[in-house]
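*Asks:* Below is the structure, and that's it, no one-letter string:
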């Protein structure tokens, strides 16, 4: 299977008050943690869709990381641009740039579970998480999205594997500045501890 990962990093970070993905988290910009997680998946390459004001940095080694600037902050535009840049892949993982604790082993588990389904995604205690693994058919359907719609609209009413996962990292994200300190403390205790 030819698989790729897409990291979404073009949002405005309104609730954070601006440039959220460059904010330091455990000594590195927040976005670097999401890119690391995407590279841990069984992918041939990673596309990072980012705003013109954000730099995903230089990445050496494999799988390669390809930055892609988009002017729009609309989620649908990032998804469509990223899917187009990925090209003809059999599956596309979608990661969010503000999720620093996504476990490295989740990608392989999603690949093993998707079968012929439209998509596969992890759930932690009933809460939907990321990354989402989109099939070739789901990638093709991205053209139907508009405005600030995410892939969730595409998944409704389609066969989607819901993989229960015991690591809350599939759900933990940063929305506001105070979330940085909260999640750093949680990391020091272990991401699965309250």
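*Replies:* Cool, the structure landed. All figures in this text were calculated on a predicted structure; none of them were measured in a lab.

*Asks:* Just the buried residues of the helix or strand of the chain with the lowest mean pLDDT, please?
*Replies:* Taking mean pLDDT, DSSP states H and E as the measure, the chain has helix 152-155 as its least confident helix or strand, at a mean of 84. For helix 152-155, burial by neighbour count (16 or more other Cβ atoms under 10 Å) applies to 154, 155. For every residue, glycine as well, the C-beta is placed using N, CA and C.

*Asks:* I'd like to know which elements it is packed against.
*Replies:* strand 119-124 (3 or more Cβ pairs under 8 Å, 6 or more residues apart in numbering; DSSP states H and E).

*Asks:* Given the helix or strand following the strand it packs on, what are its sheet partners and their directions?
*Replies:* As assigned by DSSP states H and E, the chain's next helix or strand after strand 119-124 is strand 127-128. The pairing partners recorded for strand 127-128 under DSSP bridges are strand 119-124 (antiparallel).

*Asks:* Check the offset of the strand it pairs with from the chain's centre.
*Replies:* 12 Å (Cα atoms, centre = their mean, to the nearest Å).

*Asks:* Then stretch 164-182?
*Replies:* 13 Å.

*Asks:* Over to stretch 61-71?
*Replies:* Worked out by Cα atoms, centre = their mean, stretch 61-71 lies 13 Å from the chain centre.

*Asks:* Now do the end-to-end distance for that stretch.
*Replies:* 28 Å (Cα to Cα, to the nearest Å).

*Asks:* Pull out the buried positions in that stretch.
*Replies:* Using 16+ other Cβ under 10 Å as the test for burial, stretch 61-71 gives 63, 65, 66, 67, 68, 70.

*Asks:* can you check stretch 71-86 too?
*Replies:* Buried residues in stretch 71-86, counted by 16+ other Cβ under 10 Å: 74, 75, 76, 77, 78, 79, 80, 81, 82, 83, 85, 86.

*Asks:* quick one on the thing from earlier: among the buried residues of stretch 61-71, name the ones in strands.
*Replies:* 65, 66, 67, 68 (DSSP state E).

*Asks:* Touching, the second one and residue 46? I think so.
*Replies:* Yes: counting by Cβ atoms under 8 Å, residue 66 touches residue 46, with 6.9 Å between them.

*Asks:* all strands for this protein, in order.
*Replies:* Listed in chain order, the strands of the chain (DSSP E) span 3-9, 24-25, 28-29, 45-50, 65-69, 91-96, 119-124, 127-128, 132-135, 160-164.
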